[in-house]
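Trainee: 3D, please:
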Amino acid sequence: MSDVPAWKDDFPISWVDDHYVTRREFTKSLVLLSCAAFCANGALVALEAIEKHASPPKPPPLRIGRVDDLKVGTSRIFEFPAGEPCLLVRISESRFVAYSQKCTHLGCPVVFRQEACKLYCPCHEGFFNAEDGKVLAGPPPRPLPKVDLQRRGDELWAMGFGA
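Mentor: The predicted structure is shown next:
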């Protein structure tokens, strides 16, 4: 009979290899790996926050029409920047305002109601003040994004979005 236990036949590991990875080394590896994963997640969150707060590039100015094209108390849709619907409203003889046409609630298109001088979202009964774009009623959480306008002679130009 040999002095070697029976389990040694089933698990033939030499003593040199047996000490290669101890429970302490394995636990240390797990802790280091967990810390590395935590730091990588933190870096991704920080990069996303920086990207989110970085200001988007300012779109180039866009000629949206002539002053005489729009009568007082009427509105017109234009795209600024390319593909984004916006609403131009002539409040008075010399006052024009423009806003993104997407409601700040769920993105439904808003329309101008001349009789009330309000912007109306028909999806969920939201109302915005046509003068400044602020929420008057309904579920929208914030005002409409305002388009900065510039008058150049008898032309109206969209310059970008206001703060």
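Trainee: Endpoints of stretch 133-143, how far apart?
Mentor: 5 Å (C-alpha to C-alpha, to the nearest Å).
Trainee: got it, and stretch 137-149?
Mentor: The first and last residues of stretch 137-149 sit 26 Å apart, counting by C-alpha to C-alpha.
Trainee: any idea how far Leu33 lies from Pro141?
Mentor: In this view, Leu33 and Pro141 are 41 Å apart by C-beta to C-beta, to the nearest Å. (Glycine included, C-beta is placed from N, CA and C.)
Trainee: following the helix or strand bottoming out on mean pLDDT in the chain, which helix or strand comes up?
Mentor: None of the helices or strands of the chain scores lower by mean pLDDT, DSSP states H and E than helix 15-18, at a mean of 63. Later in the chain than helix 15-18, the nearest helix or strand by DSSP states H and E is helix 23-53.
Trainee: On the C-terminal side of that following helix, identify the next helix or strand.
Mentor: By DSSP H and E, the next helix or strand past helix 23-53 is strand 62-66.
Trainee: how about that next one: buried residues?
Mentor: Buried residues in strand 62-66, counting neighbours by 16 or more other C-beta atoms under 10 Å, are found at Leu62, Ile64, Gly65.
Trainee: Partner strands of it, with direction?
Mentor: Sheet pairing of strand 62-66 (DSSP bridges) gives strand 155-161 (antiparallel).
Trainee: Just give the number of residues close to Leu119.
Mentor: The local packing of Leu119 (other C-beta atoms under 10 Å) involves 27 other residues.
Trainee: strand partners of the helix or strand where it lies, parallel vs antiparallel please.
Mentor: In the assignment (DSSP H and E), Leu119 maps to strand 118-121. With DSSP bridges as the test, strand 118-121 is paired with strand 111-113 (antiparallel), strand 126-129 (antiparallel).
Trainee: contact partners of that strand?
Mentor: By C-beta atoms under 8 Å, 6 or more residues apart in numbering, the residues outside strand 118-121 that reach it are 87, 89, 99, 103, 105, 108-113, 126-130, 133, 136, 138, 140, 144.
Trainee: Just the buried subset of the residues you listed, written out for PyMOL, thanks.
Mentor: A single PyMOL command selects the buried members of these (16+ other C-beta under 10 Å):
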select buried, resi 87+89+99+103+105+110+112+126+127+128+130+133+140+144
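Trainee: Stretch 130-144: end-to-end distance?
Mentor: Stretch 130-144 has an end-to-end distance of 10 Å (criterion: C-alpha to C-alpha).
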